[in-house]
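[1] based on what follows, work out the 3D shape:
(one chain, ligands or ions: 1)
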Amino acid sequence: MSETITVPAKPYPFEFSIDQTALVIIDMQRDFVEPGGFGETLGNDVEELRGVIPVLADFLAVARSVGMTVIHTREGHLPDLSDCPPAKLNRGAPSMRIGDPGPNGRILIRGEKGHDIIEELYPIEGEPVVDKPGKGAFYATEFGDLLVGRGITKLLVAGVTTEVCVHTTVREANDRGYECLVLSDCVGSYFPKFQEVGLEMVSAQGGIFGWTAPSTAITPLLT
Ligand code: C5J
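    The predicted model follows:
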C-alpha cells in the first residue's frame, strides 16, 4: 500500500492511500449540465450545476498526475429503452421524455451526443466509463467488479447530482463496505437547499454514509 494520506474532513479525518482509492465522477454528461438535456426537461436550471466543472477539472488533473484510478459514470438507456422501466419513463410531466429527440440527440440515450461526458472532463485512455441505467453506479453495471479487480477500497466521489446519483452511489457503496468521501466542492445539485442538506446527510451521525471535504483540502496533500 502506498503512503497513507490524512484529509481534514467531516465528521473526522479521512485516511486513504492513492493505490487503493478511486476518483469516481458521476454523470458529468451534457444531458445534466447543458441546456436541452434530460435535466432541463425536468424543469431544472442547468446553470446551478456548472460551477462544479472548473473545480472538478482541476482536481481531475491532480488525480491523474498522481496516478489515482479514475472512473466515470453515465446515466442512460439503450436505444430500444428495454433497460428503462416504465416507472422511470412515464413519471411526471417533463417537457420531453427519455428517448425523445432533443437538440443533442435522443434524451438520455446511449450513443447520443447529449448522453456523453462534457469535453472539460472527458475520460482519457485507460479510464473506465460505466454506463448505468439507474441512479446508483452499482445497479446493473460492472462497477463493483471494476473496483474489486483494482483493489479499490475507498472512493472520492464527485459529479451530479448530489442528492440523486451521487447519494445513491455512495449509499450503495457504503452497504458494500467501501469508505466514501464526497468532494463537497465537486458535486452539484439543481437545488441549493438539497446541496447543503445532501452533504450534511452524508457525514451526520458519525459519518452514516461517509465523509465530506472540499477537493481543495486534498490537493495540497497530493502535490
Ligand atoms: C438525476 C443524476 N438527477 N445523475 N440523475 O436524475 O443525478
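[2] the helix or strand hosting Leu183 pairs with which strands?
    Here Leu183, judged by DSSP states H and E, is contained in strand 179-188. Counting by DSSP bridges, the strands paired with strand 179-188 are strand 154-160 (parallel), strand 211-213 (parallel).
[3] alpha carbons of it, as CSV, please.
    C-alpha atoms of strand 179-188 as CSV (Å, rounded to 0.1, in the frame of the first residue of the first chain):
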residue,chain,number,x,y,z
GLU,A,179,-15.4,4.1,2.5
CYS,A,180,-16.6,7.2,0.6
LEU,A,181,-15.5,10.8,0.8
VAL,A,182,-17.8,13.1,-1.1
LEU,A,183,-15.9,16.1,-2.6
SER,A,184,-18.2,18.9,-1.4
ASP,A,185,-16.9,21.5,-4.0
CYS,A,186,-17.1,18.9,-6.9
VAL,A,187,-20.7,17.8,-6.5
GLY,A,188,-23.7,19.8,-7.6
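[4] quick one on the thing from earlier: among the strands paired with strand 179-188, which comes closest to the ligand?
    Closest approach to the ligand among these (Cβ to the nearest ligand atom): strand 154-160, 5.5 Å. C-beta here means a position set from N, CA and C on the backbone, and glycine is covered the same way.
[5] is the closest one positioned near the ligand?
    Yes: Strand 154-160 comes into contact with the ligand (Cβ under 6 Å from any ligand atom), by way of Val160.
[6] what's that strand in contact with?
    Strand 154-160 has contacts (Cβ atoms under 8 Å, 6 or more residues apart in numbering) with 16, 20-28, 32-33, 49, 52, 56, 59, 63, 68, 73, 147, 165-166, 169-170, 173, 178-183, 186-189, 210, 215, 218.
[7] residues near Gly177, how many?
    A count of nearby residues for Gly177, using other Cβ atoms under 10 Å, gives 7.
[8] which residue is the nearest non-sequential neighbour of it?
    Nearest residue to Gly177 in three dimensions, chain neighbours excluded: Thr153, at 7.9 Å (Cβ to Cβ, 6 or more residues apart in numbering).
[9] and the pLDDT for that neighbour?
    What the model reports for Thr153 is a pLDDT of 98.
[10] ok, now Gly126?
    So Gly126 comes in at 97 (pLDDT).
[11] tell me how many other residues surround it.
    A count of nearby residues for Gly126, using other Cβ under 10 Å, gives 8.
[12] how about residues contacting the strand holding Leu183?
    7, 9, 14, 16, 26, 48-52, 55-56, 59, 153-162, 166, 170, 173-174, 195, 198-199, 202, 209-216, 218.
[13] give me the helices and strands touching whichever helix or strand comes after it, please.
    The helix or strand immediately downstream of strand 179-188 is helix 192-207, counting by DSSP H and E. With contacts taken as 3 or more Cβ pairs under 8 Å, 6 or more residues apart in numbering; DSSP states H and E, helix 192-207 sits against helix 167-175, strand 179-188, strand 211-213.
[14] winner for burial among those?
    Greatest average neighbour count among these goes to strand 179-188 (a mean of 24), per mean count of other Cβ atoms under 10 Å.
[15] nice, that's everything, thank you.
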